[in-house]
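Have a look; sequence and predicted model below, questions after that.
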Amino acid sequence: MTIIGVVARSLRATLEMALPTTCGGCGTAGATWCALCAHEAGRVTYPGGPRQVCPKPSPVGYPPTWAASPYDASARAALVAFKDGDRRDLEAVLAPMLSAAMATALATDPGLRAVLTSGNGPVFVVPVPSSPSAVRRRGDAPLELLTRAALARAAREGSRGQLMFSPALRIRRRVADQAGLNHRQRATNLDHAMQVQPRWRASVRGVTCLLTDDVLTTGATLVEAARALREAGSGHVAAAAVAATHRRLVATGGGFQDGDCRSQPCGER
Ligand SMILES: [Zn+2]
């Protein structure tokens, strides 16, 4: 099923709930996610499904990463409302997108495919950690909820037993809000900011990991998360995200370009 189909299906499911609510994309009364926003989301997601995406410049240690949608229009509205607007019900819209990006990563990335086809799994699915202050402010960790929901979908679609939810990472020191920082500042802000939690250290050793994130911007978050996993001895690391900003990004394989970006080979470095 294409991402447009996935979004349309989740829209129908959402509409059927018929709760007195407002659209998480535009605020119109009547549905969690209105028909116009669903149409817009279908229009802005990458045609043909999730794409491998690569920041430019691509930072050292950047894991191969797939995203479902450009961080644009309704994807942005839905993610902001989901994380910071108390609209956790938008999980119904966003989990299928993350699940689709994960499925494409698992089907495309040679390191992930090797584990799954050899039966040497499971692959650990590791959400990028929220800072303790963000968890206190929000009352929960939205990306963990989203990752669990995406995994539940993957299990229903046949990946049961091959993927394991593994919230192995934590933030180990104070970090500034990444918003408003350029790519160098983001990398410095996050350098050695994450670590594998002690109770997960023995488990991640030698294990292939699929990171999950909401929005790919400069790649600094995924670079730090992958570094922390590798430092703890994990095997191959790849990543899946709901959306990717495209001012600094190019997608590979499908010709997606924006502004002065140029397609470039994209792989683990
Ligand atoms: Zn709407």
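In hand now; what should we look at? Numbers count the residues shown, from 1 in each chain.

where along the stretch 1-150 of the chain do the helices fall?
3-17, 35-44, 73-84, 91-108, 110-118, 132-138, 142-154 (DSSP state H, counting those that start in this stretch).

want to throw these into TSV with mean pLDDT, distance to the ion and mean neighbour count?
Just so you know, the C-beta spots here come from the backbone N, C-alpha and C atoms, and that holds for glycine as well. TSV is the format used below for the helices of the stretch 1-150 of the chain (pLDDT from 0 to 100; distance: least, CB to the ion, whole Å; neighbours: other CB atoms under 10 Å):
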stretch	mean pLDDT	distance to the ion	mean neighbour count
helix 3-17	53	10	18
helix 35-44	70	3	19
helix 73-84	85	7	22
helix 91-108	92	10	25
helix 110-118	92	35	15
helix 132-138	86	23	13
helix 142-154	94	20	21
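
any chance of those helices in TSV, plus distance to residue 246?
Compiled in TSV, the helices of the stretch 1-150 of the chain are given as follows (distance: least, CB to CB, whole Å):
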stretch	distance to residue 246
helix 3-17	16
helix 35-44	10
helix 73-84	11
helix 91-108	15
helix 110-118	24
helix 132-138	25
helix 142-154	21
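
Looking at those, which is nearest to residue 52?
Shortest distance between residue 52 and those, using CB to CB, is found for helix 91-108: 7.0 Å.

Give the other helices and strands that the closest one contacts.
Other helices and strands packing on helix 91-108, by 3 or more CB pairs under 8 Å, 6 or more residues apart in numbering; DSSP states H and E, are helix 3-17, strand 65-70, helix 73-84, helix 110-118, helix 142-154, strand 209-216, strand 237-244.

Turn the ones you listed into JSON lines, columns for distance to residue 93.
Putting the helices and strands packed on helix 91-108 into JSON lines (distance: least, CB to CB, whole Å) gives the following:
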{"stretch": "helix 3-17", "distance to residue 93": "5"}
{"stretch": "strand 65-70", "distance to residue 93": "11"}
{"stretch": "helix 73-84", "distance to residue 93": "5"}
{"stretch": "helix 110-118", "distance to residue 93": "25"}
{"stretch": "helix 142-154", "distance to residue 93": "10"}
{"stretch": "strand 209-216", "distance to residue 93": "13"}
{"stretch": "strand 237-244", "distance to residue 93": "10"}
